[in-house]
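Undergrad: Mind folding the following:
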Amino acid sequence: MNEIARLESRALILRVLEDGTFVAIMKKVGCEWLPDPWQHVPCRVTFEPAACGARTVDVGGVGNVECRPRSDGIELAMIGRGKGAGVRVTVWLGVTGSVLHVAVRAVELPDNARLESIQYPFRSFFLETGKDIGYVVVPSHEGCLIPTGTVKLGATDFWQWEDVRHSAMSHKRETMPTMPFYGAQKGGLGYTAILETTDDFQLEYLINSNFQHVFDADGKRSPYIYIACVWPLWLSQKGKLGYERRMRFEFSPALDYVGMAKTYRQEAIAQRHLVTLREKAKARPQIDRLAGAPYLAYYVGYPHLPPGYPGFEYTYKQLQEVIDDLAGPMGLERAFVHFWGAYANQPPGCLPFDSAPGPIKDLAEAVRKCKDHGFLFTLYNDISAQLEETELWMPELMWKTVDGKVRRGRRWSRTCSSQYIKLLAKHMPEVVATLGLEAAYVDCINGGFATECHDPKHPLTRTQDREARTAFYQYLHSLGLIFGGEHVGWWNAAELEYSNGVGPCPQTHPLLQKFPVPLYHLVFHDALIPFCHAGDDYTTTKGAAFEDKVLRDLLRGTPPMFFLNLRDQDKWRCKIRDSYAVVSPVAAAVMYDEMLSHELMTDDRMVQRSTFSSGVEVTVNFDELEREGLPRKGFHVDGLPGGPHRGHRPCSTFCSKTIRP
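TA: Got it, this is the predicted structure:
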C-alpha cells in the first residue's frame, strides 16, 4: 500500500496509507502497530437516510481519500464507498513525542439523514491471536484481558473460550464501559488509548475472532486471521456529530495492564473524575465507618413486591435483632446495613413508611442501634423505575426516542434523569429527618452509560444526562448523606462514596469474564468502595465459589457483600463472620489507599498479588494445591499495623490468624 503522508517525532513514525488507514511505528524498538487487517477500512459510519432504516457504510479506500497538511499534523477527507456516496468524514492526525492524537472533525451526510455513529479508527492496532505475544486490555466491569495465546482454564471454561470465539459473541459492543480507555501490548511494548471526549461513545471489541459466523450460512470458511482488537464507536449528538471527537494513543516500550491503568489514572485526576475518599470525608466524616464494613443487604421482597406480600412479612423488631446479633454474638465492629423495605409504596415512590412491620419508632430504633454500634445504615430507594403493576405510572416522565415513543428497555430505568431530583425531593428530606439517616442508596442510575431524551418537555443530550445525574448526587450530599448505588463509571467516581456492581458476574459476556483484572481498582480504589457485583455476591451459588470470593475481595482490598433475605440471617451468620475475619481488617487498613499494583504470579492465574500505597501487600492462592509457598486457598498479608495476617481454608470455612511481631 502506497504511503501518502508521514508524521514523525523523536519516538514515533506515523505512515498514512493511500486507503486512509495508518501504521504507527515505535522508532527505538521498531515495533509496528497495524490497521484493519481484514478489509483495510479506515472508518465506518452508520446513519439513517430520510426514506429508510439505518445504513452502515465504509468510508475511505484507495481513490477516496484526500490528504491535507496542517501545521499541527494532517487532515484526511474521506468519502464513502458504494452505497456510502454522499458520506464524507474529515479526521485529523497529529504526533507529539510518543503520543498519537486522533480527532473526528466533521461528518457530512445526504440531505435529511440522521447520523447514528462513527467507528474511527476502525479495527486499528489489533493483535493477531493464536500466537502468545501479549494481550488486549478492556474496561468491561472491573476490567479484563483478552490474551492472544493458548489459555489455561478449567476444562469447561476452556471449551467455552474455544467455542464461543467462533460465534457472533466474539464481536461485542460495550455499551457501559466503566472507563474511557483501553490498550494492548505485545512483548511488553504497548499503548494506552485514552478517549478525551467521553460524553457520547461506546467501545467495540473483537475477542479472538475471525468473523466465521458471518460466513457460516454460505458454508464458507472465513478468509480472515484471528484477531483481538478494540476501537471507539462515537455516538451522534441528537443525529449530528455535534462536536469534535478526540482520543490519543500513548505508546510505551515497557507497558502492562497496570501501567495502562496508571496512565489513565493521571487523566482521571486531570479531569477531576477522581476525588479521593479522604477529600470526601472532610465534608462527610461518616465515610470512615465504611472502612472494612461488609455490605449486608437485607431483603424483604421490596421493591419487587408490594409491602406485606404474603410470605414476606417481617417486623422492625426482627431488623433490630439482626443488628444486635451482628454487633454482639457475631463480634462485628463495622458493618454497612442496607435494608430493602420500610416503605408503603413501590418505586418511584416511597413514603409513607410502612407501619405493618411495627411503629416507625421501631425502625428509627434500628437506625439508632446501627449508629451506637458504629455501623452505617441505609434504605433502598429507586426513582428511575416505573412498574406497570403499580399506580405510579407516569409516561410523561419517561425517556422518549426521536420518534416520540417511550424508549424500550428495563422497567427499572424508565424515568428520565431530568426528573430524578424532583421525584426524590418529595420524600427524602422527611425520611432523613425521621430516621436520622447518614447514607443513601438509589438504584439503577450510576452506570457508565448515558442516554438522550427527545421529549420536548424535558429533552437531554448525553452530556445533559450526566449533568442531571451529577446534580442528583450533589442534592443527596446536600442532605448530609453519603451516596452509592448499582454500577459505576469514571465520570461519577468523583461523587460516589461506594457502589456495587464493579466486578464480573455469571450473566456477563462468557469470554470477558474469563480473565478479570482489577483495572477499576488500580484507578479508583482510593476514590470509592467498589463492592463486587450483586450477581456474584457471597450468597450466590453461580459464579465464583464462596472462598474464591473471599480471596478475590481480599486481593482488591474490598469488603464482603451479602444479599440475603432478612429471615435467613441464621443461615448466613457463619459465612458473614468468617469473611469478615479474613477480609475486613485488610479492607479497613487500605480503604484510603491507592492500589499500586496487581500481579499474576503464575501463568494459570492461581496465585496473585496486589500492593497498596500504605505498604500493605496481599498474596492469595486460589488453587486447591499448595502454590508459591501458600497453602491451598491460602492468603498472606504483610504491612498491617498489627503484623502479618495469614490463613487458609482447611475445609468449608476459613482459618485465619494475625501473627504478632
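Undergrad: the helices in the stretch 101-250 of the chain, which residues?
TA: Using DSSP state H, counting those that start in this stretch, the helices assigned to the stretch 101-250 of the chain run over residues 155-164, 212-215.
Undergrad: in the first one, what's buried?
TA: Read it as helix 155-164. 160-161, 164 (16 or more other C-beta atoms under 10 Å). All C-beta spots, glycine's among them, are computed from the backbone N, C-alpha and C.
Undergrad: OK, contacts around the residue most central in space within the chain?
TA: Among the residues of the chain, the one closest to the centroid is residue 178, at 3.0 Å (C-alpha atoms, centre = their mean). Going by C-beta atoms under 8 Å, 6 or more residues apart in numbering, residue 178 touches 139-143, 448, 488-490, 502, 519-520.
Undergrad: Swap in 7 Å and give it another go.
TA: By C-beta atoms under 7 Å, 6 or more residues apart in numbering, the residues touching residue 178 are 139, 141, 448, 488-490, 520.
Undergrad: out of those residues, which are inside helices?
TA: Members of the contacts of residue 178 lying in helices (criterion: DSSP state H): residue 520.
Undergrad: Check the contacts of residue 178 and tell me the two furthest apart.
TA: 141 and 490 (13.2 Å; C-beta to C-beta).
Undergrad: Now that we have the buried residues of helix 155-164, can you turn them into TSV and tack on distance to residue 57 and pLDDT?
TA: Listed next are the buried residues of helix 155-164 as TSV, based on distance: C-beta to C-beta, whole Å; pLDDT from 0 to 100:
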residue	distance to residue 57	pLDDT
160	34	91
161	33	93
164	29	90
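Undergrad: what's the closest of those residues to residue 67?
TA: residue 164 (40.6 Å).
Undergrad: Show the low-confidence segments of this structure, by residue range.
TA: 448, 650-654, 656-661 (pLDDT under 70).
Undergrad: What are the boundaries of the helices in it?
TA: Under DSSP H, the chain gives helices at 155-164, 212-215, 257-270, 277-283, 316-327, 360-372, 420-425, 428-435, 462-478, 519-524, 546-556, 569-590.
Undergrad: Please identify the buried residues of the longest one?
TA: Buried positions in helix 569-590, judged by neighbour count with 16+ other C-beta under 10 Å: 569, 572, 575-590.
Undergrad: One more: the fifth one?
TA: Judged by neighbour count (16+ other C-beta under 10 Å), helix 316-327 contains these buried residues: 316, 318-323, 326-327.
Undergrad: what's the farthest-apart pair in these?
TA: Farthest pair in the buried residues of helix 316-327, by C-beta to C-beta: 316 and 327, 16.8 Å.
Undergrad: one step back: can the helices of the stretch 101-250 of the chain go into a markdown table with extra columns for distance to residue 118?
TA: What follows is these, written out as a markdown table (distance: least, C-beta to C-beta, whole Å):
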| stretch | distance to residue 118 |
| --- | --- |
| helix 155-164 | 28 |
| helix 212-215 | 22 |
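Undergrad: Can you check which of these gets nearest to residue 346?
TA: helix 155-164 (37.9 Å).
Undergrad: residues contacting residue 215?
TA: Per C-beta under 7 Å, 6+ apart, neighbours of residue 215: 221-222.
Undergrad: could the contacts of residue 178 go into JSON lines alongside distance to residue 558?
TA: JSON lines is the format used below for the contacts of residue 178 (distance: C-beta to C-beta, whole Å):
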{"residue": "139", "distance to residue 558": "18"}
{"residue": "141", "distance to residue 558": "13"}
{"residue": "448", "distance to residue 558": "19"}
{"residue": "488", "distance to residue 558": "12"}
{"residue": "489", "distance to residue 558": "18"}
{"residue": "490", "distance to residue 558": "18"}
{"residue": "520", "distance to residue 558": "10"}
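Undergrad: Now, of the contacts of residue 178, which are buried?
TA: Applying 16+ other C-beta under 10 Å to the contacts of residue 178 flags 139, 141, 448, 488-490, 520 as buried.
Undergrad: List just the nearest of the residues you listed to residue 649.
TA: Nearest to residue 649 among the buried ones among the contacts of residue 178, with distances taken as C-beta to C-beta, is residue 141, at 25.6 Å.
Undergrad: Quick one: closest of the helices of the chain to residue 98.
TA: Using C-beta to C-beta, the nearest of those to residue 98 is helix 257-270, at 11.2 Å.
Undergrad: Which other helices and strands does the closest one contact?
TA: Helix 257-270 sits against strand 181-186, strand 189-195, helix 519-524, with contacts defined as 3 or more C-beta pairs under 7 Å, 6 or more residues apart in numbering; DSSP states H and E.
Undergrad: what angle separates that helix from strand 181-186?
TA: Orientation of helix 257-270 against strand 181-186 (axes from the mean of the first three to the mean of the last three C-alpha atoms, to 10 degrees) gives an angle of 150 degrees.
Undergrad: hang on, the earlier thing: the helices of the chain: which one's closest to residue 388?
TA: Of all the helices of the chain, helix 420-425 comes closest under C-beta to C-beta, at 17.4 Å.
Undergrad: and that closest one, which residues are buried?
TA: 420-421, 423-424.
Undergrad: ok, now stretch 219-229?
TA: 222, 224, 226-229.
Undergrad: swap in stretch 546-555?
TA: Applying 16+ other C-beta under 10 Å to stretch 546-555 flags 546-547, 549-555 as buried.
Undergrad: same check, this time on stretch 54-74
TA: 55, 57-61, 64-65, 73-74.
Undergrad: Just the terminal-to-terminal distance for that stretch.
TA: Start-to-end span of stretch 54-74 (C-alpha to C-alpha, to the nearest Å) is 31 Å.
Undergrad: Report the distance from it to the chain centre.
TA: Distance of stretch 54-74 from its chain centroid, counting by C-alpha atoms, centre = their mean, to the nearest Å, is 33 Å.
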